[in-house]
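**Q** model the following, please.
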Amino acid sequence: MKKNNYKKYLRTHKLPHIWCSGCGHGIILGAALRAMAELELDPYRTVAVTAIGCSARTNAIMHCNTIQTTHGRALTFASGIKMARPDLTVLLFVGDGDGAAIGGNHLIHAARRNVDLTTVLLNNSIYGMTGGQYSPLTPYQKTASTSPYGNLEQDFDICKLADAAGASYVARGIAHDPRHLSKLIRGGIEHKGFSFIEGISHCPTYYGRKNKFASPYDVMRWVKERSVRVKPDSYNFSQDLNGSVPVGVLSHKNLPEFTDEYRKLVEKLQKGAES
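**A** Residues are numbered from 1 along each chain as shown. Predicted coordinates for the structure are as follows:
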C-alpha cells in the first residue's frame, strides 16, 4: 500500500473532524480506512452506514457512498442495501448505545441471518453525544451522568452476544493498537458473511472526566492494561481470563450467507414457474 493511500477515502474538504480532542474514534476510523486502502476498495462501490451518535460522525468525512439512519437502525438499512445490491461492500459504524441498546435486537438478527455486512462497533463505554449517560457496555460501578454513584448494571460482552447470535466473524481490537485493529477490520471485510468487530475507543470528555482519568492517554492505558491478545482459532468464549478483555479474532466460521441463499431460492422458484 502506498503511503497515505487511505486519503482517497477521505472527504478532506470536510476536515478537521468534529470529535472532541483525545477521542479514540478517529483512530478507529483511520484503521478502517487503511484496511479499505489495502483491499483497494472502489469508493463508488462501497457504502458506509451509520445511525446517530459520536460513531455516526465517521461518514461525514468518508469518501464513499454514505447514509446516516435513525438511532439503532443502521443494520436494517444496511441489510436492505446488501439485499438490493449484493455487489456492493457495505460497512457499518455504530456505537455502544446505538448498537448494543436500541439497536441490539437488530444486531442479533443480522448476525443470525449472516448477511454479508462488516459492522464496526465503536465502544467508548458511554453515550458521548447526548450528555454522558451510561450504556449497556459501561463497566459495572463506573460513573456516568445517569449513574453518579456508580453503574449498578452489569455490562455484557457484545462480542460474545454477536457470536451466540450467529455472526460468522467476530473480533475485538483497541484504539491503542490501530495496526492490529486495521488487520481485524480487513479480515472482516474479506470474510463472506456477517462480520462484527468491536473497536474499544475512549471518551475523555465524559467517561474520562466522570471516572477521574487525568488525560485521554490515561483512559487508553487503562484499556490497554485490561486487554490480552489471543491467537486466532484458539479462543473460546467460556475461557476465564481473570477479568482481562480478549482482543484479536475471537471466532471465525464458514456459514451460508443470507443474500446468496435468498437469490438461489428466487432463481429456483423462477425456473419452477417457467417450467
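
**Q** can I get the longest helix along the chain in PDB, CA atoms only?
**A** Secondary structure of the chain read by DSSP state H shows that its longest helix is helix 258-274. Written as PDB, here are the backbone C-alpha positions of helix 258-274 (Å, rounded to 0.1, in the frame of the first residue of the first chain):
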ATOM      1  CA  PHE A 258     -28.100 -14.900   3.500                       C
ATOM      2  CA  THR A 259     -28.100 -12.900   0.300                       C
ATOM      3  CA  ASP A 260     -26.600 -15.800  -1.700                       C
ATOM      4  CA  GLU A 261     -29.200 -18.300  -0.200                       C
ATOM      5  CA  TYR A 262     -32.000 -15.900  -0.900                       C
ATOM      6  CA  ARG A 263     -31.000 -15.400  -4.600                       C
ATOM      7  CA  LYS A 264     -30.600 -19.100  -5.100                       C
ATOM      8  CA  LEU A 265     -34.100 -19.600  -3.800                       C
ATOM      9  CA  VAL A 266     -35.600 -16.900  -6.000                       C
ATOM     10  CA  GLU A 267     -33.800 -18.400  -9.000                       C
ATOM     11  CA  LYS A 268     -35.100 -21.900  -8.200                       C
ATOM     12  CA  LEU A 269     -38.700 -20.600  -7.900                       C
ATOM     13  CA  GLN A 270     -38.400 -18.600 -11.200                       C
ATOM     14  CA  LYS A 271     -37.200 -21.700 -13.000                       C
ATOM     15  CA  GLY A 272     -40.000 -23.700 -11.500                       C
ATOM     16  CA  ALA A 273     -42.600 -21.100 -12.600                       C
ATOM     17  CA  GLU A 274     -41.200 -21.100 -16.200                       C
END
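
**Q** who's in contact with the helix or strand containing I81?
**A** With elements taken from DSSP states H and E, the one containing I81 is helix 74-84. If you take Cβ atoms under 8 Å, 6 or more residues apart in numbering as the criterion, helix 74-84 is touched by 47, 49-51, 67, 69, 88, 90, 92-94, 98-99, 103, 106-107, 110, 113, 115-117, 119, 259, 262. Placement of C-beta: from N, CA and C, glycine included.
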